[in-house]
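K.L.:
heads up, no residue letters with this:
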């Protein structure tokens, strides 16, 4: 396992559309493991392939509940309902936060790291995280959807 470098605002790869994963193999499983480790290292809730410079449709999410990290290959939102106003940050925008509107509920279909088709019905924070990370796969960033005038900057944590 390895901590990957997170691409930050201004890196052109963040604006590119990620490609479908053709085959789930050991290399893809290793990338997913590295993504989980990287996300946890930086206290993130989610991480998408483009954020570590890999233009593949890979997403990991951990809302720190009893279910542990979710690893998704080729995820897509097949249904969404309602709206929720949320505050969001992004590992690619360190110490920046803004308010935006996300779906209150989403249904996502994907494959897991074993190539099995899975379906996730989510609401609240998990719906928000899925929406945020799947946007990354399309080259869309949270700042594109923020409510104007809501960007805030936090002081970096001291080690």
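P.N.:
The structure has been received and is ready for your questions. What you see is a predicted model, and the numbers here were worked out from it, not measured in a lab.
K.L.:
partner strands of the strand of greatest length in the chain, parallel or antiparallel?
P.N.:
The longest strand of the chain (DSSP state E) is strand 70-81. Strand 70-81 has the following strand partners under DSSP bridges: strand 58-61 (antiparallel), strand 105-111 (antiparallel).
K.L.:
To residue 120, which of these lies closest?
P.N.:
Ranking those by their distance to residue 120 (criterion: Cβ to Cβ) puts strand 105-111 first, at 4.7 Å. Any C-beta I mention is one placed from the backbone N, CA and C, and that applies to glycine too.
K.L.:
Please verify my assumption that residue 132 contacts residue 142.
P.N.:
Yes - using Cβ atoms under 8 Å, residue 132 is in contact with residue 142, at 6.1 Å.
K.L.:
Those two: which is more packed in?
P.N.:
Set residue 132 next to residue 142 and count neighbours by other Cβ atoms under 10 Å: residue 132 wins out with 24 against 21.
K.L.:
which residues touch that one?
P.N.:
46, 88, 90, 102, 142 (Cβ atoms under 8 Å, 6 or more residues apart in numbering).
K.L.:
Point out where the chain drops to low pLDDT.
P.N.:
Low-confidence segments of the chain (pLDDT under 70): 157-159.
K.L.:
The most centrally placed residue in the chain: what's it in contact with?
P.N.:
The centre of the chain sits closest to residue 133, judged by Cα atoms, centre = their mean, with a distance of 2.6 Å. Residues near residue 133 by Cβ under 8 Å, 6+ apart: 46, 47, 48, 59, 61, 75.
K.L.:
ends of stretch 50-69, how far apart?
P.N.:
By Cα to Cα, to the nearest Å, the extent of stretch 50-69 from end to end equals 18 Å.
K.L.:
Ignore what I typed, I meant stretch 141-149.
P.N.:
16 Å.
K.L.:
Would you mark the buried spots in it?
P.N.:
Residues of stretch 141-149 classed as buried by neighbour count (16 or more other Cβ atoms under 10 Å): 141, 142, 145, 146.
K.L.:
The closest residue to residue 103 other than its chain neighbours and residue 131, how far apart?
P.N.:
Take residue 103 and drop its neighbours on the chain: the residue closest to it by Cβ to Cβ, 6 or more residues apart in numbering is residue 80, 3.9 Å away. From residue 80 across to residue 131, the span is 8 Å (Cβ to Cβ, to the nearest Å).
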